[in-house]
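**Student:** A predicted structure for the sequence below; I have some questions about it.
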Amino acid sequence: MSKAKLSAEAKAWILYDGGNSAFATTVIAAFFPIFFNDFWASGLEAEVKTAYLGWGLTISNLVLLFTSPFIGAVTDVSRTTKILFTGFGAISIISVAVLYFIPAGSWLQALIFFGIANYCFAAGNTLYDKMLVQVSDESNIARISSYGFAFGYLGGGLLFLVNAAMTIKPEFFGLSSVADAVRWSFLSVSVWWTLFLIPILLKIQDRGVNLPGSHFKLAYTKVFNTLRTVSAKKNVFIFLLAFFLYIDGVHTIMAMAADFALNLGLPSSDVIVALILVQFVAFPTTLLWSKFAYKFGDKNTLLFTISLYLVVIAYSAFLSNAIEFYILASMVGAIQGGIQSISRSYYATLIPPDESGEYFGFYNMFGRAGAFMGPALVAIFVTFFQDTRYGLIPIAALFIMGAIILLKVKSTHESLQS
């Protein structure tokens, strides 16, 4: 197994994941759903809170669904990858900071700024994923992809550990209440994210073509030409369909696990401890999954992680106390980084390298299509059955359908050197 020294570009790329993952951890997975439940939407019924949060995620991800291929295509026909990447990052960073100023009871304002931050975070990741092709080759792409996710869990987990301590002992940090600690945590994410953005801006340069004419018109034409021909690229098309389904389950569990736990009656302190477990279990296991993929192949690794998620869902239906939730969190942490990193690196081996921006636009489009569909299905099932446990049914179904379709993907790159 090759262990060639990583380039400065690759190291900067990996470092960035440690910054923006703080948003995924502190904001998306933990404090936004908890604070939304207890502070911004405290006067609403439990099922209404879950439904509103689900629809907020749905709208944000639905907008990304229709724009991410164009974002990637624009950068394929112009040298604007870093400019757009920086712009999306800056807007998301500012939107997170605004959450500090939103008063209690203002659930709609909170959802709007969270939605903007979530959209720009994901749009920027379309271009971040594109950069993976630039900073790696087939000999190390799975390794670099895994390092990125692993460092993301470590970096995001370290800040989240500090943020959690702030909520447990706010007086130690000079804060007057748990609510103040959560609000300051949003600001800390903005600062942390900004610091980790700097290396990637300094080390990675825009490459590729800069075609004459209107880049938006060229991108528009390029996307629709690809849409007409993508079904001919059988491996890519089948993989995207499978990815659309199973990553939906992953994103939905990430975004709504805290809300499910709160509705089961667990205190927010137990939820925070569980989310810390996810981060620090995920850091080493994500690195191990790249070795597993090298030995058994990317597709087999993905199928195995999907089967483990089904075990997680079955187990979660019987949760009744904090210890069981901690076990569940450890299980999720052990799987989550693997399915994310191997999906990205496997897809990168299936696509044309010179069109990576557009194709990763489709990758994120299909991923976010699932991300909008999952919370919507959960919201519908919970609203109809008036029981949060019924929200697990569509999640399990999506994992199963994704695995069935993934079986049909054929590739000459089932195993990569990492």
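**Tutor:** Sure, I can see it. Residues are numbered from 1 along each chain as shown.

**Student:** quick one: E358 and F70, what's the gap?
**Tutor:** 9 Å (CB to CB, to the nearest Å). All C-beta spots, glycine's among them, are computed from the backbone N, C-alpha and C.

**Student:** now swap in K203 and tell me
**Tutor:** 27 Å.

**Student:** Return the helix or strand in this protein with minimum mean pLDDT.
**Tutor:** helix 215-229 (a mean of 69; mean pLDDT, DSSP states H and E).

**Student:** helix or strand right after that one?
**Tutor:** Downstream of helix 215-229, the first helix or strand assigned by DSSP states H and E is helix 234-263.

**Student:** and the next element down the chain from that next one?
**Tutor:** With secondary structure assigned by DSSP H and E, helix 234-263 is succeeded by helix 268-296.

**Student:** returning to that earlier point: so for E358 and F70, which sits in the more crowded spot?
**Tutor:** E358 (28 against 18; other CB atoms under 10 Å).

**Student:** so how far is T221 from that one?
**Tutor:** E358 is 11 Å from T221, by CB to CB.

**Student:** Kindly report the same for I200.
**Tutor:** Relative to T221, and taking CB to CB, I200 is found at 30 Å.

**Student:** could you give the mean pLDDT of stretch 182-197?
**Tutor:** The average pLDDT within stretch 182-197 is 95.

**Student:** So for that stretch, what gets flagged as buried?
**Tutor:** 182-186, 188-190, 192-193, 196-197 (16 or more other CB atoms under 10 Å).

**Student:** And these, which two are furthest apart?
**Tutor:** V182 and L197 (23.3 Å; CB to CB).

**Student:** nearest spatial neighbour of P284, skipping sequence neighbours?
**Tutor:** A150 (7.5 Å; CB to CB, 6 or more residues apart in numbering).

**Student:** scratch that, N118 is what I was asking about
**Tutor:** S60 (4.5 Å).

**Student:** So A274 sits against Y326, correct?
**Tutor:** Yes - contact criterion CB atoms under 8 Å: A274 and Y326 qualify, at 5.5 Å.

**Student:** If you count surrounding residues, which of those two has more?
**Tutor:** Each of A274 and Y326 has its neighbours counted (other CB under 10 Å); A274 has more, 24 against 16.

**Student:** dump the residue contacts of the more buried one.
**Tutor:** 261, 322, 325-326, 328-329 (CB atoms under 8 Å, 6 or more residues apart in numbering).

**Student:** quick revisit: same list, the buried residues of stretch 182-197, but as a markdown table with secondary structure please.
**Tutor:** A markdown table is the format used below for the buried residues of stretch 182-197 (DSSP: H, G, I helix; E, B strand; the rest coil):
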| residue | secondary structure |
| --- | --- |
| V182 | helix |
| R183 | helix |
| W184 | helix |
| S185 | helix |
| F186 | helix |
| S188 | helix |
| V189 | helix |
| S190 | helix |
| W192 | helix |
| W193 | helix |
| F196 | helix |
| L197 | helix |
